[in-house]
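In: sharing a model prediction with you, sequence too.
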2 protein chains.
Amino acid sequence: MRVVVALGGNALSPSASAGSAEEIRAALVRTSSVLAELVARDVSLVITHGNGPQVGRILLQQEAAALTVPPMPMDVCGAESQGQIGYLLAQALDSELRARGLPQRALCLVTQVIVDGRDPAFRRPTKPVGPQYDEVTAHRIAAESGHVFLPIGAGRWRRVVASPVPLGLVEAGVLPALVGTGHVVVAAGGGGVPVVEDGPSIRGVEAVVDKDRTAALLARLVAADLLLILTEVPRVQVGYGTPSARSLDTLTVSEARELLAAGEFPAGSMGPKVQACCDFVVSGGSRAVIGALDEAVDVLFGSAGTSIVP
Amino acid sequence: MRVVVALGGNALSPSASAGSAEEIRAALVRTSSVLAELVARDVSLVITHGNGPQVGRILLQQEAAALTVPPMPMDVCGAESQGQIGYLLAQALDSELRARGLPQRALCLVTQVIVDGRDPAFRRPTKPVGPQYDEVTAHRIAAESGHVFLPIGAGRWRRVVASPVPLGLVEAGVLPALVGTGHVVVAAGGGGVPVVEDGPSIRGVEAVVDKDRTAALLARLVAADLLLILTEVPRVQVGYGTPSARSLDTLTVSEARELLAAGEFPAGSMGPKVQACCDFVVSGGSRAVIGALDEAVDVLFGSAGTSIVP
């Protein structure tokens, strides 16, 4: 069985983490144990992951040194974060696979995701990236850089970038063969490095693609049987945060779409996850599941998490 | 014909570069044109590259933000630089390949290189990394971090790390298959991220592996016919910097080893390149060549550069 797993931030570092290498390595020991358990059960595993906090820290570092080192644009920062996280994740998982005597190795492919330069998201950036600023500083940086800032409350502002829809992966021609080797492939970290096609050229753009939507694309590309979106919560809820909150075992795509349209799932968190599951199932996937990282094996077998089915 | 190309710093950015993304992209347009010409001549290409200036800039950024963002150890910085450079290089080359109507794509695999934790290099670090400091600052950072600093002249000091001998690649099990797809593979950037094996575990170490010696290892691993080390100079010289300097067309391994032993080639520059060529040829490679990036096609066919042969 071939499975694409999308890991959320909690899989990569503890929630109150300062983001040191030690903290990330410690989080990855636990995550690798869960993932190796899937491999031990004969799952052909493809892994993708978020990168929000990691890119945020790279942006902070760039800003602190901006007078001596030219800051890189968002696409290059995303590629750096793929190297950073992909390396640490592949190394931790590889160690766990070796400890269990499993023959599969883990490896990381730097991955670019194609978006449309005319995607309406570019006209209305919504995805916050990097540190918070006061209003005066935000306006100053905006004037200097052309970046867009939006207020996030309490007098704080953050830079926002477009979050366009992923259309394909630049590495599509090789990913199925790489996954076909049987090794565990880490790919499309942070949703992939966003690029646009410009005639024969491809070039990076200042954007962030939702990692779960790219995971759905990746799952279709490698003909995965299952897409697992592993996060902190055991199940999707309707009426989230209200006294009548109710956890869901299973949703059909049409039920999920109705709930999405009714605004049941927040745009910044559960919304894109449910959308990604719908994308995958509509395009021929048999099942997509949203569940807790710690329950990954049960999520795989359908006894935990919220399954989205045709 | 399968060829491993090792790119020096001049292929990635102009010598007086501040290291902006625009400068790197401009340098990579020229480099990609040369590399695509090799692909157009039916070369199955595997590329590796240095990362000294790029890691130096990442270290500067880390240091500038050290009060708010925990700095990453050298191995993680190396992985970040693989993501950064691998992304930009694969994207530039891919664009050039597409513009020529060639079916090969370029892609980057994050790569770890195995070293021996008992390598004597760890007891005598020699490889300078990161920025220069005055003596007082160097001593303070050394006391705080345990890092080793050495004077580099004119009252300036730099951190030095070990440069151990590369023994193998963690991704050895998949690289031949990946190269076998016919696509252009960028791997082992910066000499690979150095790791040691500790029972079943692998873990990163604070070191830098010479990229040319790792290139020789990579060339043997993928059964390359040829190893090309492309740099700024058209040929290896004996008597370098003296009035009797003489460029060499061809060296046998035993001639090259005699000249190495006689101290003809500087330890920090031509020495490891000649050593890497010897490593490759001794282990069964038919020819290794050191030459200029701009003359790559002639270097390939043996009419430029210095060839090292059995």
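Out: Cool, got the structure.
In: could you list the low-pLDDT ranges of the stretch 101-250 of chain A?
Out: Nowhere does the stretch 101-250 of chain A drop to pLDDT under 70.
In: strands of the stretch 51-200 of chain A, start to end?
Out: Remark: strands assigned in the stretch 51-200 of chain A by DSSP state E, counting those that start in this stretch are A:106-110, A:112-114, A:127-134, A:148-153, A:156-161, A:168-169, A:184-187, A:193-198.
In: could you spell out the sheet neighbours of the first one, each with its direction?
Out: In this case it means strand A:106-110. In the sheet, strand A:106-110 lines up against strand A:184-187 (parallel), strand B:106-110 (antiparallel) (DSSP bridges).
In: looking at chain A, which residue is nearest chain B?
Out: As assessed by Cβ to the nearest Cβ, chain B sits closest to residue A:83 within chain A, at 2.4 Å. In this view, the C-beta of every residue, glycine as well, is placed from N, C-alpha and C.
In: with adjacent residues omitted, what lies nearest to that residue?
Out: Leaving aside its chain neighbours, residue A:83 sits nearest to residue B:83 (2.4 Å; criterion: Cβ to Cβ, 6 or more residues apart in numbering or on different chains).
In: restricting to C-alpha, output stretch A:121-140 in CSV.
Out: The C-alpha trace of stretch A:121-140 is given here as CSV (Å, rounded to 0.1, in the frame of the first residue of the first chain):
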residue,chain,number,x,y,z
ALA,A,121,-4.3,34.9,-4.9
PHE,A,122,-1.4,37.1,-6.2
ARG,A,123,-3.8,40.1,-6.2
ARG,A,124,-4.9,39.4,-2.6
PRO,A,125,-2.1,38.0,-0.5
THR,A,126,-3.4,36.4,2.7
LYS,A,127,-0.7,34.0,4.1
PRO,A,128,1.2,35.6,7.0
VAL,A,129,5.0,34.9,6.9
GLY,A,130,7.9,36.0,9.1
PRO,A,131,7.9,38.1,12.3
GLN,A,132,5.5,40.6,13.7
TYR,A,133,6.1,44.3,13.5
ASP,A,134,4.5,47.5,14.9
GLU,A,135,2.6,49.6,12.4
VAL,A,136,5.3,52.2,11.7
THR,A,137,8.0,49.5,11.0
ALA,A,138,5.6,47.6,8.8
HIS,A,139,4.8,50.6,6.7
ARG,A,140,8.5,51.5,6.5
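In: residue A:242 belongs to a strand, doesn't it?
Out: No - assigned with DSSP: H, G, I helix; E, B strand; the rest coil, residue A:242 falls outside any strand and is coil.
In: next one: phi and psi at it?
Out: In terms of degrees, to the nearest 10, the main-chain angles of residue A:242 are phi -110, psi 170.
In: Throw the strands paired with strand A:106-110 into CSV and include distance to residue A:245 and mean neighbour count, thanks.
Out: Below are the strands paired with strand A:106-110 laid out as CSV (distance: least, Cβ to Cβ, whole Å; neighbours: other Cβ atoms under 10 Å in any protein chain shown):
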stretch, distance to residue A:245, mean neighbour count
strand A:184-187, 34, 27
strand B:106-110, 41, 28
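In: same list (these) but as TSV, adding distance to residue B:122.
Out: Shown next, in TSV, are the strands paired with strand A:106-110 (distance: least, Cβ to Cβ, whole Å):
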stretch	distance to residue B:122
strand A:184-187	29
strand B:106-110	23
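In: direction included, what does whichever strand or helix holds residue A:291 pair up with?
Out: Secondary structure from DSSP states H and E places residue A:291 in strand A:287-292. Applying DSSP bridges to the sheet, strand A:287-292 is found paired with strand A:226-231 (parallel), strand A:306-309 (antiparallel).
In: ok, back up a step: ok, the residue of chain A closest to chain B - contacts?
Out: A:108, A:110, B:79-84, B:86, B:110 (Cβ atoms under 8 Å, 6 or more residues apart in numbering or on different chains).
In: equivalent analysis for residue A:92, please.
Out: A:25, A:28-29, A:31-32 are the contacts of residue A:92 under Cβ under 8 Å, 6+ apart.
In: swap in residue A:150?
Out: A:128, A:157-158, A:160.
In: of the residues you listed, list those near chain B.
Out: Among these, none lies close to chain B by the criterion of Cβ under 8 Å from any Cβ of the partner chain.
In: for those, give me a markdown table that also has neighbour count and distance to residue A:199.
Out: Below are these laid out as a markdown table (neighbours: other Cβ atoms under 10 Å in any protein chain shown; distance: Cβ to Cβ, whole Å):
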| residue | neighbour count | distance to residue A:199 |
| --- | --- | --- |
| A:128 | 19 | 32 |
| A:157 | 22 | 37 |
| A:158 | 18 | 34 |
| A:160 | 19 | 29 |
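In: tabulate these in JSON lines, adding columns for distance to residue A:39.
Out: Shown next, in JSON lines, are the contacts of residue A:150 (distance: Cβ to Cβ, whole Å):
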{"residue": "A:128", "distance to residue A:39": "35"}
{"residue": "A:157", "distance to residue A:39": "44"}
{"residue": "A:158", "distance to residue A:39": "38"}
{"residue": "A:160", "distance to residue A:39": "38"}
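In: for those, which one is nearest residue A:225?
Out: Relative to residue A:225, the closest of those is residue A:128; by Cβ to Cβ it sits at 34.5 Å.
In: the closest one pairs with what?
Out: residue A:160.
In: for it, what are its contacts?
Out: Residue A:128 makes contacts with A:150, A:152, A:158-160, as judged by Cβ under 8 Å, 6+ apart.
In: try it again with 7 Å
Out: For residue A:128, the contact set (Cβ atoms under 7 Å, 6 or more residues apart in numbering or on different chains) comprises A:152, A:158-160.
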